[in-house]
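> here is my input, please return the structure:
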Amino acid sequence: MKKLTCILFFLLPLFLHAQQTNVDSLVNVLNTQKLTVLEQCKLNFKICEILLSGADGEKSMAFAKRGLAFAEKENNKTYISKFYDWIGRVYGTRGINDTAVIYFNKSLEVAKEIKDKEREACIYINLGVTYRSESNYSMALEYYMKALPIYESMDSKNGKINCSIILTNIANIHSAMKNKKQALYYLEKAKTIIESTDDQKEKIRVYFHLGAMYENEPEKLLENMQKVYENALAIGEKISQGASLQGMSVAYGQMGNYEKAIECAERSLSLGKEIGNKRLIIDSYVALSSVYFDQGKWKECDAVSSKAWEVDTTDLGSGYETLFGITYSNIYLNNKNKAATFLKKFYDIIQKGPNDEKLQEDLANMEVKYETQKKEIRIAALEKERKLYIILGIAVVAALLFGLGLLFYRHRLSIQKQKQLEQENELIAARSALDAEKAEREIIARDLHDGVGAMLSVVKNNMNIMKSYSVIDNKEVDYFNKALDGVDKSIVELRRVAHHIMPAVLMEKGLFAALDDFCRSIPEAEFHYTDPECRFDSEKELVLYRCAYELVNNAMKHAKATKIEVHLNVDETKAYLSVVDNGCGFDLQNAPQGMGIKNLRTRLSAFGGNMDIYSGPGKGTEVNVELTR
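Residues are numbered from 1 along each chain as shown. Coordinates of the predicted model:
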């Protein structure tokens, strides 16, 4: 597949898109016609483009600098950026990469200033190509990756073509670094993009790169080379046709279809002779010799290898393969003299290489540079590996800490949920108990009032009737009146108990009226409230009434209070109940809370309320209750 790689580089000049216009006629227009500064810029730029595509860097540099002077005179930053770019390209073609980078960065600075994103992306590609030529893969990839999103955002044919070019260049870097998987990934992306366009030149380039990647998979190699051939045939590009036929010959040879392999190689040879392309002719002969070599047809292998050698005996691209084919064939043909002669040539070309001193020097410099860069890449790789291990270590520790934190958080959340569930269950139980108590109180109050109360009233009436119709002496009258008075007191007390168990006034008129009525029935109690009176949830009114009832009874029973003040204040969101007495008070720290206070707290918590108690020995007691309406 080394031969395919040589063909690939040989094809690169074919993909320049510059129009081959007559430079002389454009120069004549530039020198003889009166043009505006902008027209001068445009014409100089066009000439630069044509000259550089024709590899005439010297003239291209002259017109680029001339155009730059016009652009700076007009302060046309678009063309200033373009000419800086072209000057950088010229230096790049000369291999003066440091200077090329300086001009590319100047062009980039102006492009950013005028916010010309397409020009910016183009410069990023040129910087990537420059660093790629120095095997500085990391910098090359960095600039390619900067250009890629800009072109991806452009919904145009040009944007897609440039995306494909960038992706192919990235794939080449990964291929050079032996990252075949990554190289194929980017080539497949380039293929997907370019297949949505009608640009056949770029399709040729992408398919050829893909084919070269599948050097050991003949079916895929053949598939891509056939696509190269189809596109090259459509635009009449004969060198690409010949190169793809050679690739197809290699694929058929690997598949054992030697007849097709020979046919493809001969068609490539025919195209090479038709257009007079020496490189294509030599590579076609080499492709034929490879097929004959695999078949063991030593005579035919010797014949085509000798023809390749006759075309150019100084060729470095295929010289080794040509001499190897001649030498090996003649060993099997028992032509010892010819085999020895060409073995000596093979040895000489390996040992001595070309005689051109400058080329020898260039090759030596390239080898030194390669070794230096290889060491730098190795050092960079080790540094990356070290940083990667550090990052992985930090990531593992962070993940471990995060996991522990998550477990701790889930544990705490579970405990909180359990507590919340317990509280909710307690509240549900409390409210259920309150509802049951309310229902039971209503039944008891109704039974006392309507049942026992009614019966006592009947007894009283009967006793009054007996008093009217019976003759009783004075002593018995006194007993009878006492009994009648006891019945009256029992009826009053029964009604009072029934009233306090479930006061009807609370249900009918609300908390304010119920507390007022309750406090009036107790000489020691006074009721104070803030206007306006208002009703709210009946269950919450009942809870506050029970609180007041319990606290007033406690003040009379335990604190021996002679003065009790009951305060009620209701605003838009809260109800505040306060019971203050002048009783004996108690020590909050040591005195145990009775069942009544515990029941009050349970009732309040069921409705989201709370109670605070303030007291001390001999200082009376103040109880404040707060409940959301």
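> kindly export stretch 531-544 (C-alpha atoms) in PDB.
Provided in PDB are the C-alpha atoms of stretch 531-544 (Å, rounded to 0.1, in the frame of the first residue of the first chain):
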ATOM      1  CA  ASP A 531     -62.300  43.800  66.300                       C
ATOM      2  CA  PRO A 532     -63.500  42.800  63.900                       C
ATOM      3  CA  GLU A 533     -65.000  39.500  64.800                       C
ATOM      4  CA  CYS A 534     -64.700  36.900  62.100                       C
ATOM      5  CA  ARG A 535     -65.400  33.200  61.600                       C
ATOM      6  CA  PHE A 536     -62.800  30.600  60.300                       C
ATOM      7  CA  ASP A 537     -62.500  26.900  60.100                       C
ATOM      8  CA  SER A 538     -64.900  25.300  62.600                       C
ATOM      9  CA  GLU A 539     -62.400  22.600  63.600                       C
ATOM     10  CA  LYS A 540     -59.800  25.100  64.400                       C
ATOM     11  CA  GLU A 541     -62.300  27.300  66.300                       C
ATOM     12  CA  LEU A 542     -63.200  24.200  68.400                       C
ATOM     13  CA  VAL A 543     -59.500  23.500  69.100                       C
ATOM     14  CA  LEU A 544     -58.900  27.100  70.400                       C
END
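> mean confidence score for that stretch?
Averaged across stretch 531-544, pLDDT comes to 80.
> chain center to it: distance?
Mean-position distance between stretch 531-544 and its chain equals 55 Å (C-alpha atoms, centre = their mean, to the nearest Å).
> with stretch 254-261 instead?
So, by C-alpha atoms, centre = their mean, the centroid of stretch 254-261 is 49 Å from its chain's centroid.
> one more: stretch 210-226?
Centroid separation for stretch 210-226 versus its chain: 36 Å, with C-alpha atoms, centre = their mean.
> go on, stretch 180-196?
For stretch 180-196 - counting by C-alpha atoms, centre = their mean - the centre lies 23 Å from the chain centre.
> what does that stretch rub up against?
By C-beta atoms under 8 Å, 6 or more residues apart in numbering, the list of residues contacting stretch 180-196 from outside reads 160-161, 163-165, 167-168, 170-172, 174-175, 202-203, 206-207, 209-210, 213. (Glycine included, C-beta is placed from N, CA and C.)
> need the strands for the chain, in chain order.
525-529, 564-570, 574-581, 610-615, 621-628 (DSSP state E).
> make a markdown table out of those strands and add mean neighbour count and distance to residue 394.
Listed next are these as a markdown table, based on neighbours: other C-beta atoms under 10 Å; distance: least, C-beta to C-beta, whole Å:
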| stretch | mean neighbour count | distance to residue 394 |
| --- | --- | --- |
| strand 525-529 | 17 | 67 |
| strand 564-570 | 20 | 60 |
| strand 574-581 | 21 | 53 |
| strand 610-615 | 15 | 49 |
| strand 621-628 | 19 | 50 |
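> right, and these - which one's nearest residue 540?
Using C-beta to C-beta as the criterion, the shortest distance between residue 540 and the strands of the chain is 5.9 Å, found for strand 621-628.
> what pairs with that closest one, and is each one parallel or antiparallel?
strand 574-581 (antiparallel), strand 610-615 (antiparallel) (DSSP bridges).
> now render the ones you listed as TSV, adding distance to residue 335 and mean pLDDT.
Output for these, formatted as TSV (distance: least, C-beta to C-beta, whole Å; pLDDT from 0 to 100):
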stretch	distance to residue 335	mean pLDDT
strand 574-581	116	92
strand 610-615	114	90
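> turn those into TSV, columns for distance to residue 627.
Shown next, in TSV, are the strands paired with strand 621-628 (distance: least, C-beta to C-beta, whole Å):
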stretch	distance to residue 627
strand 574-581	5
strand 610-615	8
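> out of the ones you listed, which gets nearest to residue 258?
Short answer: strand 610-615, nearest of these by C-beta to C-beta, at 98.3 Å.
> how about the contacts made by the residue nearest to the spatial centre of the chain?
Centrality entry for the chain: nearest residue to the mean C-alpha point is residue 149, 16.2 Å, by C-alpha atoms, centre = their mean. Applying C-beta under 8 Å, 6+ apart to residue 149 gives no contacts.
> just give the nearest non-adjacent residue to residue 145, would you?
Excluding its sequence neighbours, the residue lying closest to residue 145 (C-beta to C-beta, 6 or more residues apart in numbering) is residue 170, at 7.8 Å.
> check the burial of the one you found by counting its neighbours.
Residues lying near residue 170 (other C-beta atoms under 10 Å) number 25.
> hang on, the earlier thing: out of the strands of the chain, nearest to residue 326?
Among the strands of the chain, if distance is taken as C-beta to C-beta, the winner is strand 621-628, at 104.6 Å.
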